[in-house]
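S.K.: need coordinates for the following:
(2 chains)
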Amino acid sequence: MVDTILKMEGIHKQFSGVYALKDIHFELKKGEIHALLGENGAGKSTLIKILGGIYKADAGKIYISGKEHQMTGVTDSQEQGISVIHQELCLVPEMSVAENMYLGRESVYGHSCFVNTGELKIKAEKVLESLGLMISGNTKVSELSIAQQQVVEIAKALTVNAKILVMDEPTASLTEKEVKMLFKTIEELRKKQISIIYISHRLEEIFEITDRITIIRDGTYVGTKNTCKTTKDELISMMVGRKLDELFIKSKSEFGEVVFQVKNLVVKNKVKDVSFSVRKGEILGIAGLVGAGRTETVRAIFGIDAYESGEIYIDGKKVKIKNVKDAMRYGIGLVPENRKEQGLILIRSVEYNATLTILKEIMKGCFTNRKARDGIVNKYIQMLGIKTPSPLTIAKNLSGGNQQKIVIAKWLATNPKVLILDEPTRGVDVGAKVEIYRIMSMLAEQGVGIIMISSELPEIINMSDRAIVMNEGRVTGELPKSELAQEKLMYFATGGN
Amino acid sequence: MEKKSVIRKNLIESMIQYFRENAGILIGLLIMCVFMSLRSSVFLTGNNISNVLRQVTTNANLAFGMTFAIILCGIDLSVGSILAFSGTLCAGLIANSGVPVPLAVLCGILAGTLLGFINGFIIAKTQMPPFIVTLAMMQIARGAAYVYTNGMPIRVMVPEYNNIGIGYLGIIPLPVIYTGVFFVFTALLLGKTRYGKYVYAVGGNEDAARFSGINIGRVKVITYTLIGFLASVSGIVICARMYSGQPTAGDGAEMDAIAAVVLGGTSFSGGIGKIGGTLIGVFIIGVLNNGLNLLNVNSFWQLIAKGLVILLAVYIDLLKKKTKKQ
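M.R.: The predicted structure is shown next:
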C-alpha cells in the first residue's frame, strides 16, 4: 500500500468572477517527486498558494495524510508540514544563513527575548551539512550564489519538519552544474521520504527527476501521467491544447553583409578580449554558463557599462559607444535578461512601455501625437501577437511571455539593425517560447542581425545559425550550425580543456 | 572563570568588529577632533567635552529610534513635533494645572508614545507610506503643541522638575545618563533580541518575513511606538533644561536625526544598520556644531558645512561598499 500524503479534490477558485481554478485534482504520494506542469497563467501558482495557505479555495477539499483539513493561513499550512520555496527566493540578504533558516522560530536564552545566536549556528550547520552544503551558519546570505541560497531555502524548510516541499521553478536561474547539485539534494530529500511538488517549464528536467506529472491548462485539470510512460510531445500537446510539430521555428534566411562586429572588447574584471561579428539576417547564439561574462559583454556593447578597450564596428564603420543613447543611434536594441527590472516599467501600460524608446517620434511639439502612437502600438500588438485586453492594460497584469513581447516591441519600434536578446525565453511558458522563436526567425528574415544569449542549450542548438561559447570572460569556441551539439557546447562552456 | 574569559573574548571580538565596520566614519570623526583641538584651545577641556555630550543627547535619542525606522525601509518625520508636544504638555500640566511632577512627566511620555503608536498603527493597517503618515503627524503634533500653548512658551520653575534636565550624577549630566541607557537598550534590542532580528528581516525582505510567519504589522507598530517614546522623553528633558515648554522646540530635529543615522552607515534601502554606527554619526554632527561654534563660524555657514559633510561622508561610504563588492 502506498501512502497518499496529500490529496486536493475539486478545488475551485474565482477572482472577481473569473475562474482561476476549476475542479482541480491533485494527489501526492509519500516520497514522490510530482511535477506540476502548465503554461504561465494555467493556475499552477494559484493552486500552490491555496496549498500554502495564502489564498482560500472557494470550494474543494484538501486531505493531508488522509484527513480532511481546512487551511486557515500560512502558519497553518506550515504546521501541516507544507513548505513552499518560491521562485523569488524568500531570504533576507543581509542576515546570516542561520538567522534566515530559523527566522520566526529563533532559539532564545531561557524564556527571555534574547536570541541564542550560537545555538542557531550549530543547528543550522547540521542541517546544511546533511544537504551537502558546507558553509558557516554566520555567512551572510548576500554572499552566497543563487544555488547555495536555494539549498539554504530547502534547509529552512527541513527545519520546520516539512513533509511536503513545493519548489516553484527552482532551476530558473541555475547553471547546469548547479542544477546537478540541486538534483542531488532532491535525491537526498527523496531518501528522507519527503514528497516534492516540482514546478518547472523545462521538460528535460521533469523527465530526469520526477515520478509523475500532473498537467493543468487554463485552470482546469488535464491529466496525470507516469513520467516513464509519457513523451515530451504528449506533454506539450496536453499543456498547450494543440499539437506542436516543432517547438523551434527557424526558417532559413539569407545572410547579408556583416552588420555588427566587436574586436578585443575588455570590461574590467568581467570580459577579457572578446571578438565576434554578426551578419544581416543571422542569428548568433552566445552560449556559456551563468557568470561567463555574456551579459557583461552585451551590457558594454549597449553602453550600459564602460569598456576599457576594444573596437565596435557598425556596417563596417568604427563607432564609439559611450552610453545607451549612442547604442540606439547606431541601431542596436537590447532585450535585457530581467524583463521585470530592466525591461519594463511594470506599473505602466503596454502602450507606454512599447513607445518609451521612440517618444521623440510620436511627439508633435510638446504633445503626444495620439494617432501616430496608436498606429505604432497596434502594429506591434498585432505583429507580435501580444495578448492584452487593451493597449492601456498595465504591463504587470500580463503573463511573462506577453511581457517579454512588449520588451521586444519596444526595441523593434526603433528599427534596430542589431537586436540583442539576453535569455529571451527565461520564465515564459512553452506557448510563448514558440512565439518568441517565431518572432526571432521573422526578424532575421527581415535582415536584422540577432545576437541571442541563452543558457538553454536546445535553444542555442536549434535557433542559432552560428554560436560562440564563453567561459570566464573569454570566447572559448565558435561553432557553425552543422557542429552545434550539446557535448561540444558544454566542452567549451567549461573552459575547453 | 571560564565563562568569564569567554565573555571577555566575545567582547573583544565584537569591539574589533565594531572598529572594522565603522573604520571610515571613526577616522573621519578623529580627524575632525584633532583639527578642532589644534584650532581651538577650548575644544579638549573637560567643560567643553561635557557640553558636547549634553548637546548631542537629544539628537542621539531621536537618531536611535530613527535607525529602527530606516532599517524598516521607513522614516519618522514627526519626532521633532512629538518632542515639542510632550514637552509643552508636561510643562503645562505642571505650571498651569498644578499636576504633581511625576504624574505630569508620565502623562507627557504617555502622550508622545501614543502619537508614535498611532503612526505605527496607521502604517501597519493602511499600508500608507511612512513618509506620508509621519509627515501628517509632524503637522498635527506641532499644531497641537501650538494650540495647547496658544503659541507662547510655558514657563516652569519647579526645581524637582528642572533637575531632570540640569542635574548631575557625579560629574555626568543627567541627560547623558539617560542617553547612555537608551544606547545600551536600543543596541541590545536591535542586535540581540527576536524583535530586533525581525526589524532587519522586514526591512531586508518583507515577503521573506511574511512567509516566515512574522507579524509584520506588529513589528512596525512596536517600532514607531518606541520612536514616539524616545522623542517624548527628549521633549521632557529639553523642557526641563530650558525652564519652559516651547512649542517650537525640536523644529527640524528629524533632519539632524536622519543625517546621523545615514552617516552611521544605515542603508536607506532597508535591512542594514546598527545603533553603534548611528552613535558615531551623532557625534560627527555634534562635534561639527560645537567646533564651528568655537571657531566662531557664522551659523548660516554652519548649515552649509553640515550639508557638505553629509554628502561627502555618505559618498565615501558608497565607494567603500562598491569596492568591497568587487
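S.K.: isn't A:Lys13 right up against A:Ile48?
M.R.: No - taking contacts as CB atoms under 8 Å, A:Lys13 lies outside contact range of A:Ile48: 11.6 Å. Just so you know, the C-beta spots here come from the backbone N, C-alpha and C atoms, and that holds for glycine as well.
S.K.: excluding chain neighbours, what is closest to A:Gly256?
M.R.: Excluding the flanking residues, the one nearest A:Gly256 by CB to CB, 6 or more residues apart in numbering or on different chains is A:Lys280, at 3.2 Å.
S.K.: from the chain's centre, how far out does the worst-scoring helix or strand of chain B on mean pLDDT sit?
M.R.: Counting by mean pLDDT, DSSP states H and E, the weakest-scoring helix or strand in chain B turns out to be helix B:2-21, with a mean of 77. Counting by CA atoms, centre = their mean, to the nearest Å, helix B:2-21 is centred 26 Å from the centre of its parent chain.
S.K.: cool, and stretch B:105-115?
M.R.: 17 Å.
S.K.: buried residues, it. List them.
M.R.: B:105, B:107-115 (16 or more other CB atoms under 10 Å in any protein chain shown).
S.K.: need those in JSON lines with distance to chain A, can you?
M.R.: Below are the buried residues of stretch B:105-115 laid out as JSON lines (distance: CB to the nearest CB, whole Å):
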{"residue": "B:Val105", "distance to chain A": "27"}
{"residue": "B:Cys107", "distance to chain A": "28"}
{"residue": "B:Gly108", "distance to chain A": "27"}
{"residue": "B:Ile109", "distance to chain A": "22"}
{"residue": "B:Leu110", "distance to chain A": "23"}
{"residue": "B:Ala111", "distance to chain A": "27"}
{"residue": "B:Gly112", "distance to chain A": "24"}
{"residue": "B:Thr113", "distance to chain A": "19"}
{"residue": "B:Leu114", "distance to chain A": "23"}
{"residue": "B:Leu115", "distance to chain A": "25"}
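S.K.: now, those that are in helices?
M.R.: Using DSSP state H, B:105, B:107-115 are the members of those that sit in helices.
S.K.: got the confidence number for A:Ile62?
M.R.: Confidence at A:Ile62, expressed as pLDDT, is 92.
S.K.: assign it to helix, strand or coil.
M.R.: strand (DSSP: H, G, I helix; E, B strand; the rest coil).
S.K.: just checking, A:Gly10 is part of a strand?
M.R.: Yes - the assignment for A:Gly10 is a strand, going by three-state DSSP.
S.K.: stretch A:269-288 spans what distance, first to last residue?
M.R.: 17 Å (CA to CA, to the nearest Å).
S.K.: just for the stretch 1-150 of chain A, where's the confidence low?
M.R.: Confidence mapping of the stretch 1-150 of chain A against pLDDT under 70 gives the ranges A:1-2, A:16-18, A:40-41, A:88-89.
S.K.: what residues does it put near chain B?
M.R.: Counting by CB under 8 Å from any CB of the partner chain, the positions of the stretch 1-150 of chain A adjacent to chain B are A:74-75, A:78, A:84, A:86, A:88, A:90-95, A:99-100, A:103-106, A:108, A:113-115.
S.K.: can you get me a residue count around residue 201?
M.R.: Here I'm looking at chain A. 24 (other CB atoms under 10 Å in any protein chain shown).
S.K.: that answer is for a different chain, and I need it for chain B
M.R.: 27.
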